[in-house]
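Enquirer: one predicted model, sequence on top.
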Amino acid sequence: MSFADKIKDELCHLAIDNDMETRAEFLGYVKSRGSLRISNAKKYLVISLNSITSLKRLYTLSKKLGITSVETSITEETRLKHRRGGEILYSFNKIYGFLEKFGISILSDDLPDFVKKDPAYFGAFMRGLYLAGGSVVDPSRGYHLEISLDTTKNFILNLTNHLVNFLNIKAGYIEVGNKYKVYIKSSRDIVELLSLVEASRAVSVLLKAVEVRQIRGNVSRTLNFITANANKSGQAMARHVRAIRIIERKLGLDSLPADLEKLAKLRLEYEELNLRELGELMDPPMSKSAVFNRLKKLQKIAEKLEGEK
């Protein structure tokens, strides 16, 4: 079972014990996948889903609300992956009248007031949206949550604006054919949304994955830093040794001032030591900056000798 399927499975097993949350979740299904179908002069609200788990949840929500479906059908997809889904048909007039009784319009592009004002009801509404058309990438591979919506652009704008203004969750959207996909790419925002819809087990898994990725990133940055410093130090040491060899060949190291001669010989003898360690071998000991300055002098002497040639 994929990470996305595990989330749907967790959400579909949440208790259905609050009437307002039940209405909000049901409306999420309607807004995500609801479409009008006319047959024999009769209007039907059809909700088509590609998840049998989500379909069962919708059927249970309907019974809880006292909404009788006209027909329920199951479909199976076997071409690529074996998936089961289906659709539920409702009498459009009955659904419309039922929701209108509670001040909810399925034809409006705005969010119902009771959904906008209460985080619990908004979370239930988002749960319906996600169960009807949501998916999320396994957090071990990246951060991406999206919800496919068969709705209008105005509704998408109202939804994304409410997410950022009400919960500081930044969501983008793209148009695919005549549908829209709302997506979230920040791990923090995905955690916030999954917490909102009450997917607590999924939140725990995601947080652990985020922690592991952060640790790996820190280790990688540290290793890169160490490698870069080692390369830089190695190149500097090679320049120092080359300069000292030039001086040794052309003048002799004994022609140098005593402190430079001592440092030059130590550099040749202990090529692997860093500047601080070289300074500790001097008598009296030298600071790292003092060693650096003296090695620069040796390089300048070597450059002058090469220039004279």
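Expert: Received it, and whenever you're ready, just let me know what you need.

Enquirer: what is the helix or strand where residue 122 lies packed up against?
Expert: Counting by DSSP states H and E, the element that carries residue 122 is helix 119-133. In this structure, helix 119-133 makes packing contacts with helix 3-12, helix 19-33, helix 52-65, helix 113-117, strand 145-149, helix 153-167, helix 187-196, judged by 3 or more Cβ pairs under 8 Å, 6 or more residues apart in numbering; DSSP states H and E. To be clear about C-beta, it is placed using only N, CA and C from the backbone, and glycine gets the same treatment.

Enquirer: can you tell which of those is closest to residue 97?
Expert: Of all the helices and strands packed on helix 119-133, it is helix 52-65 that lies closest to residue 97, at 12.7 Å by Cβ to Cβ.

Enquirer: how far does stretch 166-177 stretch from one end to the other?
Expert: The first residue of stretch 166-177 is 29 Å away from its last residue (Cα to Cα, to the nearest Å).

Enquirer: who's in contact with it?
Expert: Identification of contacts with stretch 166-177 by Cβ atoms under 8 Å, 6 or more residues apart in numbering yields 116, 119, 122, 148, 153, 156, 159-160, 163-164, 180-186, 189, 192-193, 196.

Enquirer: now that stretch: buried residues?
Expert: 167, 169, 171, 173 (16 or more other Cβ atoms under 10 Å).

Enquirer: same check on stretch 283-300?
Expert: Counting neighbours by 16+ other Cβ under 10 Å, one finds that the buried residues in stretch 283-300 are 286, 291, 292, 294, 295, 298, 299.

Enquirer: do stretch 254-264 as well
Expert: Along stretch 254-264, the positions that meet the burial threshold by neighbour count (16+ other Cβ under 10 Å) are 256, 260, 261, 262, 263, 264.

Enquirer: where in the chain is pLDDT low?
Expert: When residues are selected by pLDDT under 70, those of the chain lie in 76-83, 102-103, 210-234, 308-309.

Enquirer: which residue is nearest the middle of it?
Expert: residue 143 (2.8 Å; Cα atoms, centre = their mean).
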